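Novice: attaching a predicted model along with its sequence, questions to come.
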Amino acid sequence: MSTPPAGKLPLPELVAMKRRGDKIVMVTAYDAPGARFAEDAGIDVVLVGDTAAMVVLGYEGTTVPVTVDEMLLLTRTVSRQAKRPIVVADMPFGSYQVCDEEAVRNAIRFVKEGGADVVKLEGAGPTVSRVRSIVEAGIPVMAHVGLTPQSATMLGGFKTQGKTAEAARRLVAEARALEEAGAMSIVLEAIPAPVAARITAELAIPTIGIGAGPDCDGQVLVYHDLLGLTEGHLPRFVKRYANLSRAIRDALEAYTAEVRGGVFPGEEHTYAMPPEELAAFSA
């Protein structure tokens, strides 16, 4: 595998990685520590995902409520720390659905105010026109087909897409249309591996899989999922690389016990005064 270039990863490098067969690594991040850890780990692309609605902002089971202003705050935070990775900002529900002009206006905000390198939009259909308009405005776009969480209700919930031959052909056609509209890459979420492999082979732009099998040009996972910070049911495609929720609980429980037991703070955690100053203070 080739050595990643120094400095900000240029967008054309992702296409070059696809051609070389080098896998692209993408992860979500929503704050400065997350972005810094991704930077240190050599991550190629950091997605400021609208999954923040669920894993950061406390909304239950949906990404829909997160606002442009909330996503801008998170994007600014991440872009300050992510020096090498390409920073992709998810455009939240309602920020691009109305018309091309509004989509361009909000995309500009994510670049100017948020510091994003790329914006991401879900779906095809009318989204193809949005992608084309944003690209014509000079802003790179990452597309997203398959399971599109912003429209999960219309899809019947968080379910695998493209399981029939007809649905699979439709996904291939959507991916082609988004590439033709100027998308620089495309996320394939929760689709059968053979369908993702077909799309990946037919497109010149990179595919990033999440629950789409090993043949995609890259992979993405949600930060909180892979670190074991998310609890309860997880999608089939998630692999936990740590169990930080347990470690955090253990630390907080130990802290609670030591404070209540008078163990913390100890002498090593406190500041002293010079004896003569203490005597003067006590007089």
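Specialist: Yep, that arrived.
Novice: how about the helices in the stretch 51-200 of the chain?
Specialist: Remark: helices of the stretch 51-200 of the chain, listed N- to C-terminal, are 52-55, 68-81, 100-112, 126-136, 165-180, 193-202; assignment by DSSP state H, counting those that start in this stretch.
Novice: hey, which of these is tucked in deepest?
Specialist: A comparison of these by mean neighbour count, using mean count of other Cβ atoms under 10 Å, puts helix 52-55 on top with a mean of 22. All C-beta spots, glycine's among them, are computed from the backbone N, C-alpha and C.
Novice: residue 198 is in contact with residue 172, isn't it?
Specialist: Yes. Here residue 198 lies in contact with residue 172, judged by Cβ atoms under 8 Å, at a distance of 6.0 Å.
Novice: returning to what we had before: ok, which of the helices of the stretch 51-200 of the chain comes nearest residue 240?
Specialist: Taking Cβ to Cβ as the measure, the helices of the stretch 51-200 of the chain were each checked against residue 240, and helix 52-55 came out nearest at 14.0 Å.
Novice: part of a helix, is residue 30?
Specialist: No. When DSSP: H, G, I helix; E, B strand; the rest coil is applied, residue 30 is found to be coil, with no helix at that position.
Novice: gap between it and residue 147?
Specialist: As for residue 30, its distance to residue 147 is 20 Å (criterion: Cβ to Cβ, to the nearest Å).
Novice: rounded mean pLDDT for stretch 203-222, please.
Specialist: If you average the pLDDT over stretch 203-222, you get 98.
Novice: which residue ranges make up the domains of the chain?
Specialist: According to automatic domain parsing, the chain is divided into the following domains: 12-242, 247-282.
Novice: need the winner for burial among those domains.
Specialist: When you average the neighbours per residue for each of these (mean count of other Cβ under 10 Å), domain 12-242 leads with a mean of 19.
Novice: starting at the chain centroid, how far to it?
Specialist: 7 Å (Cα atoms, centre = their mean, to the nearest Å).
Novice: could you do stretch 241-258 as well?
Specialist: The chain centre lies 25 Å from the centre of stretch 241-258; the measure is Cα atoms, centre = their mean.
Novice: residues contacting it, please?
Specialist: For stretch 241-258, the surrounding residues in contact (Cβ atoms under 8 Å, 6 or more residues apart in numbering) are 226, 227, 228, 229, 230, 231, 263, 264.
Novice: point out where this structure drops to low pLDDT.
Specialist: Applying pLDDT under 70 to the chain picks out residues 1-6, 152-158.
Novice: cutoff 80 now
Specialist: Residues of the chain meeting the criterion pLDDT under 80: 1-6, 151-159, 232-233.
Novice: which stretches in it count as strands?
Specialist: With DSSP state E, the ranges of strands along the chain come out as 24-28, 45-48, 86-90, 118-120, 141-146, 185-189, 207-210, 218-221.
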